[in-house]
Structures are given as C-alpha cells and as structure tokens.
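Enquirer: Have a look at this prediction, sequence included:
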Amino acid sequence: MKGSKKLCLIILSIILLNTSLSYAQEGFPWKFKKDSGHINDLYQIVSKEILEESEFFKAHIEYPYLQIEKLNDRENEDKIKTIQKINKDIYKFIYSFKEDLEKQ
C-alpha cells in the first residue's frame, strides 16, 4: 500500500512537471519555429544555389545563407559583420569545392 502511494505520487509529479514545462515553452522569449528559418529577428536562414553548366560539367549546388533582416541596425553592427563574414566564408568554401570538382 505504501509503495503504491509513492508510485502514484511520483507519476503525478512527473505529469505535473511535464505539463508545466510544455506550457512554459509556449511563452519562452526565444521564438523558434521548426518549420521556418527564423531563429531570431536579426537574420533568417535561406538557401542559395550555384547553377553552372558547360560541355563536360554541370553544377547545381545549394548552400545555406544567413539573410540579414535589418542591414542598417547600429545596435547589432558587430553581429552583422560577423554574419557577413560567415556568408563570405561559406561561399568561398563552396565555390572552391565546385572548382576542384570541375578540374577533376
């Protein structure tokens, strides 16, 4: 009898905690929806592509690009510069990879 009361108390506690956590996530300050590319209000993840075709080589490469929502945002100027550098580095890597494949 005493063991079943403990088990019921543990189960009820887990249900209550689970319900509380799922309710708290709805009002969480970070807005992240799995079906969209929005992680925050500064940038959005989109897809860019390189399409090239020649006699012996055809390239269709899609790569991630961080599209900045507010380009003239003085408050986030350092973050915007970092995002632009990340985009540039991704493009250089992808384009270099494409060039290497084309040479081979």
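Expert: Here it is on my side, so go on.

Enquirer: can you pull out the strands in the protein?
Expert: Along the chain, the stretches classed as strands by DSSP state E are 43-53, 58-68.

Enquirer: and the first one, which residues are buried?
Expert: Read that as strand 43-53. The neighbour-count check on strand 43-53 (16 or more other CB atoms under 10 Å) flags residue 43 as buried. Glycine gets a C-beta too; all of them are placed from N, C-alpha and C.

Enquirer: Can you name the residues in contact with it?
Expert: Applying CB atoms under 8 Å, 6 or more residues apart in numbering, the contact partners of strand 43-53 are 37-39, 58-69, 83, 94-95, 98.

Enquirer: same thing with the last one?
Expert: In this structure, residues lying in contact with strand 58-68 by CB under 8 Å, 6+ apart are 42-53, 80, 83-84, 86-87, 90-91, 94, 97-98, 101-102.

Enquirer: got it, and stretch 81-92?
Expert: For stretch 81-92, the surrounding residues in contact (CB under 8 Å, 6+ apart) are 42, 43, 63, 64, 65, 66, 68.

Enquirer: Tell me the confidence at the closest residue to residue 57 other than its chain neighbours?
Expert: Closest residue to residue 57 apart from its sequence neighbours, by CB to CB, 6 or more residues apart in numbering: residue 102 at 4.9 Å. With respect to pLDDT, residue 102 scores 86.

Enquirer: One more: residue 96?
Expert: pLDDT, residue 96: 91.

Enquirer: what separates it from residue 72, distance-wise?
Expert: Relative to residue 72, residue 96 is positioned 31 Å away (CB to CB, to the nearest Å).

Enquirer: Looking at the two, which is more packed in?
Expert: Per other CB atoms under 10 Å, whichever of residue 96 and residue 72 has more neighbours is residue 96, with 10 against 7.

Enquirer: Tell me who's in contact with that one.
Expert: Taking CB under 8 Å, 6+ apart as the contact definition, residue 96 lies against nothing.

Enquirer: picking that back up, from the contacts of stretch 81-92, keep the buried residues only.
Expert: Using 16+ other CB under 10 Å, the buried members of the contacts of stretch 81-92 are 42, 43, 65, 66, 68.
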